[in-house]
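Trainee: Sequence and computational prediction follow.
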Amino acid sequence: MQSDKAPEFDLQRPLASAVAVVPAVLFSPRRFYLNFKVEGRLREPAVFALLVGAISGVLGAAVALASNFFFGDPDAGDLRAALVGAVLFAVLSPVGVGVTAGIYLLSIRTFVGKVSSFAEMYRMAAYAASALVFAWIPILGAFAFTYALMVLMGVGIQSVYRTSFITTVVTVLAGFVPVATILVWITINEVAL
């Protein structure tokens, strides 16, 4: 195991630290979570989730507006809907991370034991939300959520809590199903509006 500390989001250097965190989590999740300090403040991970949500929300709004421009008849309502969607995605990203952390905490407590706290799970889930930088890309967005919720959270749980492979799979699936169900429900209701 390396003695290097995993890069963390820093409010003093928000863009530089985010640029360091996202590739570390996405492309070297095992190394990131092996060197990850689960104890710590929640402010930085919450702001990180907000930043990732804002970037994804703005890019998603741009894609929606571009598709309306190329395939439809754009109007002021489309612009308003895209902007409201971007703001809601950004603002609700830290809340979504909290819901995800709570659900995964229940799963960990059920299958691993009382080895974690909500703050630890929030920090882990906030950095797993790095995958949401791709959520704005049509079709790839669904894979980004799945990668964050299954792969990154699985690697995090296994690395931090030293669980066996089968325990990790069961824990992640028990957390993934309710979170994915909530996301599908939100998507269906959004399309119905």
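Mentor: Looks like it arrived, so ask away.

Trainee: contacting residues for Ser8?
Mentor: For the record, residue 8 is Glu, not Ser. Contacts here follow C-beta atoms under 8 Å, 6 or more residues apart in numbering; on that basis Glu8 touches Ser17, Val21, Lys37, Gly40, Glu44. In this view, the C-beta of every residue, glycine as well, is placed from N, C-alpha and C.

Trainee: and the residue of the chain positioned farthest from its centre, which of the three is it?
Mentor: Each residue of the chain has a distance to the centre, and by C-alpha atoms, centre = their mean the biggest one is for Asp73: 33.0 Å. Secondary structure, DSSP: H, G, I helix; E, B strand; the rest coil: Asp73 is coil.

Trainee: so how far is the longest helix seen in the chain from its chain's centroid?
Mentor: As assigned by DSSP state H, the longest helix anywhere in the chain is helix 76-111. Chain-centre distance of helix 76-111: 9 Å, with C-alpha atoms, centre = their mean, to the nearest Å.

Trainee: Using CSV, list the CA coordinates for the following helix or strand past that helix.
Mentor: Next helix or strand after helix 76-111 toward the C-terminus (DSSP states H and E): helix 118-128. Output of helix 118-128 as CSV, limited to C-alpha atoms (Å, rounded to 0.1, in the frame of the first residue of the first chain):
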residue,chain,number,x,y,z
PHE,A,118,-22.8,8.7,7.8
ALA,A,119,-19.9,11.2,7.5
GLU,A,120,-17.6,8.5,6.2
MET,A,121,-20.1,7.3,3.6
TYR,A,122,-20.9,10.9,2.5
ARG,A,123,-17.2,11.5,1.9
MET,A,124,-16.9,8.3,0.0
ALA,A,125,-20.0,8.9,-2.1
ALA,A,126,-19.2,12.5,-2.8
TYR,A,127,-15.9,11.5,-4.4
ALA,A,128,-17.6,8.6,-6.3
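
Trainee: so where's this structure shaky on pLDDT?
Mentor: Scanning the chain with the threshold set as pLDDT under 70 gives 1-3, 191-193.

Trainee: which residue is nearest the middle of it?
Mentor: Ala129 (1.9 Å).

Trainee: who's in contact with that one?
Mentor: Taking C-beta under 8 Å, 6+ apart, one finds Phe48, Ala49, Val52, Gly53, Ser93, Gly96, Val97, Ala148 in contact with Ala129.

Trainee: repeat that for 6 Å
Mentor: Ala129 makes contacts with Ala49, Val52, Val97, Ala148, as judged by C-beta atoms under 6 Å, 6 or more residues apart in numbering.

Trainee: now the nearest residue to it once chain neighbours are set aside, what's its secondary structure?
Mentor: For Ala129, ignoring the flanking residues on the chain, the nearest one in space by C-beta to C-beta, 6 or more residues apart in numbering is Ala49 at 5.1 Å. Using three-state DSSP, the structure places Ala49 in helix.

Trainee: With that, I have no additional questions.
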